[in-house]
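[1] Pasted the sequence and its predicted model underneath.
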Amino acid sequence: MTTTTPPTAVTPPPASLLERFRVPGGFALGALLLLGIAPLVLSDFRLSLLAKYLCYAIVAVGVSLAWGRGGLLVLGQGVFFGLGGYAMAMHLKLADAAATGEKLPDFMQLYGTGDALPWWWQPFANPAFALAMTVLLPMAVAALLGFFVFQRRVKGAYFAILSQALAAALSIWLIGQQATTGGTNGLTDIQGFFGYDLNDPVNQRMVYFVIAVVLLLLMAAARQLFVSRYGELLIAVRDSEERVRFLGYNPANVKLVAYVVAAGMAGLAGALFVPAVGIISPALIGIVPSIGFVIGAAVGGRASLVGAVLGAIAVAWAQSTLSDAFPAAWTYLQGLLFVVAVGFLPGGLASLLAVARNRRTRTTRSGGTA
């Protein structure tokens, strides 16, 4: 009588000390750079610029989730950025008016809209409502659009075109409502932020710290999504949607969650952008800014959180620097960056180390075989 020995389970080797502390160490280093070193070495002006770039980096975290993991080319993130920004700016303009004893924001008095505040402005006088809307309103719009788009299995270039059409429509609508949204100028000259004077450099630094902490927290939350069961399912939907459907999952729901979460992050970034810069306008939320959000993530590496964040900061810095020196050429350079990143380096700059490591490994193996 013969007996069969059950197969022995293969135990994976224990993670090295470096691998175990790589992620916590990376977050600690990021916190040290953003919260410790940057405020010490940068002037107030440079720190305010960095705060603006960090808002773009928050959008890139959502882009990394939706595009890098889910394969959704989200070319309309300016819509959600703008919805969050306008929700915050509306409350701050009402607060500024109340501080001076006025019932209406200054631009409404200029354009002569009457003595009554528009009905859809009135709830934004409540700070809790306004804060909630900076995230919930973009997520609601994304949920509504995504439900119909993903249920009809619209994807690829068609999804990207729909996203851009939404960005263009919102920008055109805002420009046409000059009496209630400020038109082309947008909502400008914002003076206060929940009782703090934004003209005070100390308060501007406080805004920077808030933005930096929010960025770090969202990166930590996004990483948890990346390594969770949902993150693996999102990758599976990206790589083989029909196989996932055959296994009993609905790919539309999986993609919808990523799209809605990315929209919420973009809305929060827009809300934080307003006190950092003091303005929100249609020029910041149209088609071109939406493409800029994606370019930053693509250049840095859309599949890597750190790569997407650093890429967004680098592209935003280059835009601020080069657009002043070459205003006509920057748009072409921005498009060239996108083409190069997508066509020749899909993994972005974050993949260069892996490419070099693989090339070294192949060279070593070929040398050993010879």
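    Everything's here; your move.
[2] going forward, measure contacts and count neighbours with C-alpha atoms only.
    Noted.
[3] Where does pLDDT dip in the chain?
    Applying pLDDT under 70 to the chain flags residues 1-21, 112-114, 328, 353-370.
[4] In space, not sequence, find me the middle residue of it.
    By CA atoms, centre = their mean, the chain has its centre lying nearest to residue 59, at 0.7 Å.
[5] quick one, phi/psi of residue 74?
    Reported as degrees, to the nearest 10, the phi and psi values for residue 74 are phi -90, psi 90.
[6] Please identify the buried residues of the helix or strand hosting residue 51?
    Under the criterion of DSSP states H and E, residue 51 resides in helix 44-63. Neighbour-count burial for helix 44-63 flags 47-63 (criterion: 16 or more other CA atoms under 10 Å).
[7] Would you map the helices across the stretch 251-370 of the chain?
    Along the stretch 251-370 of the chain, counting by DSSP state H, counting those that start in this stretch, helices occupy 251-277, 287-300, 305-325, 330-343, 352-369.
[8] Check which helices and strands the fourth one sits against.
    With contacts defined as 3 or more CA pairs under 8 Å, 6 or more residues apart in numbering; DSSP states H and E, the secondary structure elements packing on helix 330-343 are helix 287-300, helix 305-325.
[9] And the second one, by the same measure?
    For helix 287-300, the contact count by 3+ CA pairs under 8 Å, 6+ apart identifies helix 44-63, helix 77-99, helix 157-176, helix 305-325, helix 330-343 as packing neighbours.
[10] Using PDB, write out every CA atom in that helix.
    In PDB, the C-alpha atoms belonging to helix 287-300 read as follows (Å, rounded to 0.1, in the frame of the first residue of the first chain):
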ATOM      1  CA  ILE A 287      -9.500  71.500 -21.000                       C
ATOM      2  CA  VAL A 288      -5.900  72.700 -20.800                       C
ATOM      3  CA  PRO A 289      -5.500  72.500 -17.000                       C
ATOM      4  CA  SER A 290      -7.200  69.100 -17.100                       C
ATOM      5  CA  ILE A 291      -4.600  67.900 -19.500                       C
ATOM      6  CA  GLY A 292      -1.900  69.400 -17.300                       C
ATOM      7  CA  PHE A 293      -3.000  67.300 -14.400                       C
ATOM      8  CA  VAL A 294      -2.600  64.200 -16.400                       C
ATOM      9  CA  ILE A 295       0.700  65.200 -17.900                       C
ATOM     10  CA  GLY A 296       2.200  65.700 -14.400                       C
ATOM     11  CA  ALA A 297       1.200  62.100 -13.400                       C
ATOM     12  CA  ALA A 298       2.400  60.700 -16.700                       C
ATOM     13  CA  VAL A 299       5.800  62.300 -16.600                       C
ATOM     14  CA  GLY A 300       6.500  61.200 -13.000                       C
END
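[11] Can I get stretch 334-347 in CSV, CA atoms only?
    Only the C-alpha atoms of stretch 334-347 are listed here, as CSV (Å, rounded to 0.1, in the frame of the first residue of the first chain):
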residue,chain,number,x,y,z
GLN,A,334,3.5,70.5,-22.5
GLY,A,335,2.0,68.4,-25.4
LEU,A,336,5.4,67.1,-26.3
LEU,A,337,5.9,65.9,-22.7
PHE,A,338,2.7,64.0,-22.8
VAL,A,339,3.5,62.3,-26.1
VAL,A,340,7.0,61.3,-24.9
ALA,A,341,5.7,60.0,-21.6
VAL,A,342,2.9,58.0,-23.0
GLY,A,343,4.6,56.8,-26.2
PHE,A,344,8.2,56.2,-25.1
LEU,A,345,8.2,56.0,-21.3
PRO,A,346,4.8,54.6,-20.2
GLY,A,347,6.0,54.1,-16.7
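[12] Show me how far it is from its chain's centre.
    What separates the centre of stretch 334-347 from the centre of its chain is 19 Å, taken as CA atoms, centre = their mean, to the nearest Å.
[13] Contacts only, for residue 279.
    Counting by CA atoms under 8 Å, 6 or more residues apart in numbering, residue 279 touches 89, 186, 187, 188, 189, 190.
[14] Quick check: the gap between it and residue 89.
    From residue 279 over to residue 89 the distance is 8 Å, taken as CA to CA, to the nearest Å.
[15] Can you work out which residues contact both of those two?
    Residues touching both residue 279 and residue 89 (CA under 8 Å, 6+ apart) are 187, 190.
[16] residues near the closest residue in space to residue 252 that isn't next to it in sequence, how many?
    Among residues not flanking residue 252 along the chain, residue 150 sits closest, at 4.9 Å (CA to CA, 6 or more residues apart in numbering). The number of residues packed near residue 150 is 17, by other CA atoms under 10 Å.
[17] No further queries at this time; thank you.
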